[in-house]
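J.: coords below, sequence missing:
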């Protein structure tokens with residue numbers, strides 16, 4: 001019987017992103033199980049990243065634990081987020097989460113929406 005290879009994490013966090021999520025979660029107005037990350041149709045480039053508090057872990061969630069933070073990945077978003085690094089950038093006039101996604105093919109000029117191609121079958125097979 002062959003042993004299964006461990007599944008790679010769908011996403012990983014930079015230290016800055018993990019610190020920011022910990023800070024935001026510490027100020028939540030209710031207990032939360034983690035931060036749910038996904039994608040939705042919208043914006044001028046076609047898709048937008050989504051983030052929200054998750055009250056519970058759903059059986060279909062892909063759970064990613066990195067640097068003391070629990071991300072819950074919407075199962076419909078896994079192929080779009082495979083290999084993504086989430087960062088948090090602070091600049092002179094803005095501070096925001098940034099998704100460094102190898103599946104992203106373009107973004108709109110304002111940076112609010114992106115075009116994402118699902119991960120290839122080869123990448124999925126590695127999971």
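T.: Everything's here; your move. In this text the structure is predicted, and so the values were computed from the model without any measurement. Residues are numbered from 1 along each chain as shown.
J.: relative to residue 98, how far out is residue 91?
T.: Distance of residue 91 to residue 98, given as C-beta to C-beta, to the nearest Å: 10 Å. In this view, the C-beta of every residue, glycine as well, is placed from N, C-alpha and C.
J.: between these two, which one's more packed in?
T.: When residue 91 and residue 98 are compared for neighbours, residue 98 comes out ahead with 15 against 7, by other C-beta atoms under 10 Å.
J.: OK, contacts around the more buried one?
T.: Listed by C-beta atoms under 8 Å, 6 or more residues apart in numbering, the contact set of residue 98 reads 86-89.
J.: switch to 10 Å and redo it
T.: With contact set as C-beta atoms under 10 Å, 6 or more residues apart in numbering, residue 98 has these partners: 14, 16-17, 49, 85-89, 111.
J.: now those residues: which count as buried?
T.: 14, 16-17, 49, 86-88 (16 or more other C-beta atoms under 10 Å).
J.: among those residues, which ones are in strands?
T.: In strands, judged by DSSP state E, the following of the buried ones among the contacts of residue 98 are found: 49, 86-88.
J.: could you list the buried residues of stretch 52-69?
T.: 53-54, 61-62, 64, 66, 69.
J.: closest to residue 8 out of the residues you listed?
T.: residue 64 (10.2 Å; C-beta to C-beta).
J.: pull the number of nearby residues for the nearest residue to the closest one once chain neighbours are set aside.
T.: Nearest residue to residue 64 in three dimensions, chain neighbours excluded: residue 71, at 4.3 Å (C-beta to C-beta, 6 or more residues apart in numbering). Using other C-beta under 10 Å, residue 71 is surrounded by 26 other residues.
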